[in-house]
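next comes the sequence, and after it the predicted model I'd like to discuss.
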Amino acid sequence: MRTRTTTTTSRVVTAIVLIWLLIGIAAAAQRNYFAGSDATCAKVGTTLVTIVAGPLNYIGANPKVDCEAPQPSR
């Protein structure tokens, strides 16, 4: 019976993680993070952090990432 409990637990955890990420994707879409074509380091980072934050976005979390990519050498 232990295998059945482990399988059920892993399915529940997987479902929770998927729902969490879907809520994060919804929050990023509502903030128009997927609009536009300028994929800067800060925009991509902020979008990813917003998705990972999931439901925390709806209780006040507003994650932002500020970064600078190294410039290519000449």
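Ah, there it is. Bear in mind that the values here come from a model prediction, so they are computed numbers and not experimental data.

what about the residue nearest the centre of the chain, distance to Asp66?
Geometric centre of the chain, nearest residue: Ile51, 1.8 Å, by CA atoms, centre = their mean. Distance, Ile51 to Asp66, using CB to CB, to the nearest Å: 18 Å. For the C-beta atoms, the positions are set from N, CA and C on the backbone; glycine is no exception.

before we move on, what about Lys43?
Per CB to CB, Lys43 is found 11 Å from Asp66.

in terms of neighbours, single out the busier of the two.
Ranked by neighbour count (other CB atoms under 10 Å), Lys43 and Asp66 place Lys43 first, with 14 against 8.

and the helix or strand harbouring Lys43, what's buried?
Using DSSP states H and E, Lys43 maps to helix 41-53. Residues of helix 41-53 classed as buried: 46-47, 49-51, 53 (neighbour count, 16 or more other CB atoms under 10 Å).

got CSV for the residues you listed, with pLDDT too?
Listed next are the buried residues of helix 41-53 as CSV, based on pLDDT from 0 to 100:
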residue, pLDDT
Thr46, 89
Thr47, 92
Val49, 92
Thr50, 92
Ile51, 94
Ala53, 91
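
what's the closest of the residues you listed to Ser10?
For those, the residue nearest Ser10 by CB to CB is Ile51; the value is 22.1 Å.

looks like the closest one contacts Ala29 (just checking).
No. Counting by CB atoms under 8 Å, Ile51 stays clear of Ala29, with 9.8 Å between them.

and the residue nearest to the centre of the chain, how far is that from Ala39?
When CB to CB is the yardstick, Ile51 and Ala39 sit 15 Å from each other.

now do Cys67
Counting by CB to CB, the gap between Cys67 and Ala39 amounts to 13 Å.

in JSON lines, list the buried residues of helix 41-53 along with distance to Ala35.
Output for the buried residues of helix 41-53, formatted as JSON lines (distance: CB to CB, whole Å):
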{"residue": "Thr46", "distance to Ala35": "13"}
{"residue": "Thr47", "distance to Ala35": "11"}
{"residue": "Val49", "distance to Ala35": "17"}
{"residue": "Thr50", "distance to Ala35": "14"}
{"residue": "Ile51", "distance to Ala35": "15"}
{"residue": "Ala53", "distance to Ala35": "19"}
